[in-house]
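> show me how the following folds:
(chains A and B)
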Protein chains: 2
Amino acid sequence: MKKISVILMGCGGVGRQLLQHIVSFRSLHAKMGVHLRVVGVSDSKSLVVPVDVLKEELDDELLSEVCSVKSAGSALTTLGALGKGEYRVFNGSESRRETEGIAQLLGKSTGLVVVDCSASSETVEILTKAVELGCCAVLANKKPLTSTLEHYDKLVLDPRRIRHESTVGAGLPVIASMNRIISSGDPVHSIVGSLSGTLGYVMSELEDGRPLSQVVRAAKTLGYTEPDPRDDLSGMDVARKALILARLLGKRIVMDSIKIESLYPEEMRPGVMTVDDFLQNGIAKLDQNIEDRVKKASSNGCVLRYVCMIEGSSVQVGIREVPKDSPLGRLRGSDNIVEIRSRCYKEQPLVIQGAGAGNDTTAAGVLADIIDMQDLFP
Amino acid sequence: MKKISVILMGCGGVGRQLLQHIVSFRSLHAKMGVHLRVVGVSDSKSLVVPVDVLKEELDDELLSEVCSVKSAGSALTTLGALGKGEYRVFNGSESRRETEGIAQLLGKSTGLVVVDCSASSETVEILTKAVELGCCAVLANKKPLTSTLEHYDKLVLDPRRIRHESTVGAGLPVIASMNRIISSGDPVHSIVGSLSGTLGYVMSELEDGRPLSQVVRAAKTLGYTEPDPRDDLSGMDVARKALILARLLGKRIVMDSIKIESLYPEEMRPGVMTVDDFLQNGIAKLDQNIEDRVKKASSNGCVLRYVCMIEGSSVQVGIREVPKDSPLGRLRGSDNIVEIRSRCYKEQPLVIQGAGAGNDTTAAGVLADIIDMQDLFP
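Numbering: from 1, shown residues only, chains lettered A, B, ... in the order given. Predicted structure coming up:
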């Protein structure tokens, strides 16, 4: 049985779902000859590890307990003594130091995958350090990959040792497919996609004549948006995905090089306006303009979509009119779609479409990434 | 630089394209830290190898010469002394013995990928032998994977050491995506697809009211069909793809378990009727029935598609009415499409669509498979 040691950063919805998947699919993975050995779980404050990371792992009972504790909104320090094995909890800067110690210990011996399911911009330091120490990295977190080029270069130093399928389109096989295209010498000419479940939902609802303000309020109630819906409406999340795809294609760019269309104006930005104020008073002022654009598009046989477009050196995200009768135009709800054009996919693009959001799908993508790295382990 | 030794079986369109890709993308692969070292090329009669496979490889000049010779329809024995290195040519049973010798020599030392780009049912023996000897296998050839379960089990003994993306949908990332879904513990509920470029073309042309006989004759003239179009119309090619996908899902089935609808009746089969007789007299007798089915489908808002359907223990290939306004119904020309439903892709399927035929795309899929196995090499 091949043992893959894993340390998880981030105990939000995706991280907890990943732990549950790891526990649930033990027998499936055993059949594949693989055992996932969880040797650390951390949230933003604490890290839980077995007493001896070389010989022990966090057992399934403890992993389930971690999920319950975090799901109830409690701190890792409140963990009971439920697991069969003993464990230790480190806090604050000790937590970071201990993670690095484990990376040092396992990186070049048995191997270690550092998994980032957080939404933090703080993990990039420990990730680059871990990669430097010979560890593998799997990310659902977009921020480390959309930081400076210097950080990026360090992270992808050995591209075989970093995977991040779930940063774009959740579990959809977008990155895996792009890596295949790239390694087969098929040059990518362009990528066009709808990569935000939230904005996908908003755009397809607008099409039915509902005002933007109403659609966004409903989306927030349904839990489709971030707590502050402006985090979606700003286009920043889509821009991060676009940057990740563009960098994968070898483009040496940073966030500032991307032309981003925000769905709200500067004067309604967080800091100037509270979330409540934005939803109650601000956003309604944007209804008319969007309604006009929807109508104009419709008169051209088109609908509006919030898309990411990568072509040559240009990377843009924003609203575009697309033909009603095109794969992008037919997209409904929160599905994602990516159209890749290359030498092999010239007349018709390679299209990948499906659920692009959700903890289950995102965690499944992370798990597939980990399993796919098994040949790097002794 | 990581060296991946490769031996190619099959010098038809796909095999030659693969050799050209290998030569063309040397610098790309060098940047990725990989060098593809071709240590053997064989057609059905002969095998060309360097004098010392441990130290030498077939150089790019010789590989280009192999492509020219085979492209002109000549035998490998007519190769000139163009390459810088020396090489040897083995014929008949010696060729097979020599291939096995190389597998024995390299399998467990530097590693070897045996690539099958032939269309032969004879390669399964040497492939299973090579896998047994520790080699990797990459297949564009469907036949070894659709032989007996005994052969299949031997081939996939270590699933990490066999790849066969190009057996289904050419270079489309269907198998890679399915492997990700499977390894993440997401159970596949069903697969529906249009997996034949030829039948895709035929079906979308029928939709426009043209008679079957005319469409098939035109397809043959355009080079879209096999030399005997009945090889496409029998549905056997699609059935092989369906069997490969079903076995990937763990189903223990053989070709005989698949319900296959042939587009021509028994009395028009090869052996009973010549190709010319079939095209001039036979096929026109099928026009009326197909026209009636097309009309009936149309009155239901549907079109006909030749699809592969896998669900539970049932695997079927044949003509189905599908809604005009569905991804399958909208498919035109020779594009392939696969819709996968699973726990993660339940309400809407995961859709993968694009060019599913052509030597370039198929060879690109083979090349991506080889590169993707690099971690298995020292």
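> I'd guessed A:Gly13 sits against A:Asp360; true?
No. Using C-beta atoms under 8 Å, A:Gly13 makes no contact with A:Asp360, being 9.3 Å away. Every C-beta, even on glycine, is put in place using the N, C-alpha and C of the backbone.
> just the element for A:Gln353, please.
Assigning secondary structure by DSSP states H and E places A:Gln353 in strand A:350-355.
> was I right to think A:Ser342 contacts A:His189?
Yes. Judged on C-beta under 8 Å, A:Ser342 makes contact with A:His189 at a distance of 5.8 Å.
> more neighbours: which of those two?
More crowded of A:Ser342 and A:His189, by other C-beta atoms under 10 Å in any protein chain shown: A:Ser342, with 23 against 15.
> let me know the pLDDT of the more buried one.
Looking at A:Ser342, its pLDDT reads 97.
> what do you get for the one 4 residues further on?
Looking at A:Lys346, its pLDDT stands at 93.
> can you check A:Gly85 too?
Reported pLDDT for A:Gly85: 64.
> A:Thr225 too?
pLDDT for A:Thr225: 88.
> got a list of contacts for the helix ranked longest in chain A?
The residue-count maximum for a helix in chain A (DSSP state H) belongs to helix A:92-107. With contact meaning C-beta atoms under 8 Å, 6 or more residues apart in numbering or on different chains, helix A:92-107 is reached by A:5, A:7, A:9, A:39-40, A:42, A:45-47, A:49, A:53-54, A:90, A:112, A:114, A:126, A:129-130, A:133-135.
> just after it, pick out the following helix or strand.
Next in sequence after helix A:92-107, counting helices and strands by DSSP H and E, comes strand A:113-116.
> pull the distance from that next one to the chain's centre.
Centre-to-centre, strand A:113-116 and its host chain are 13 Å apart (C-alpha atoms, centre = their mean, to the nearest Å).
> what comes into contact with it?
With C-beta under 8 Å, 6+ apart as the test, strand A:113-116 has contacts from A:4-10, A:18, A:99, A:103, A:123, A:126-127, A:130, A:135-141, A:144, A:366, A:370, A:373.
> same check, this time on stretch A:260-267
Residues outside stretch A:260-267 that contact it (C-beta under 8 Å, 6+ apart) are A:212, A:230, A:233-236, A:238-239, A:272-273, A:278, A:282-283, A:286, A:290, A:306, A:316-319.
> report the mean confidence score over it.
Mean predicted lDDT for stretch A:260-267 stands at 97.
> who's more crowded, A:Gly13 and A:Asp360?
More neighbours surround A:Asp360 than the other of A:Gly13 and A:Asp360, with 21 against 16 (other C-beta under 10 Å).
> residues touching that one, list them.
Neighbour list for A:Asp360: A:17, B:343-344 [criterion: C-beta under 8 Å, 6+ apart].
> distance of it relative to A:Leu79?
Applying C-beta to C-beta, to the nearest Å, the value for A:Asp360 to A:Leu79 is 24 Å.
> got it, and A:Arg160?
Distance, A:Arg160 to A:Leu79, by C-beta to C-beta: 35 Å.
> between the two, who's got more neighbours?
Higher neighbour count among A:Arg160 and A:Leu79: A:Leu79, with 20 against 16, using other C-beta under 10 Å.
> tell me how far the more buried one lies from A:Glu65.
From A:Leu79 across to A:Glu65, the span is 6 Å (C-beta to C-beta).
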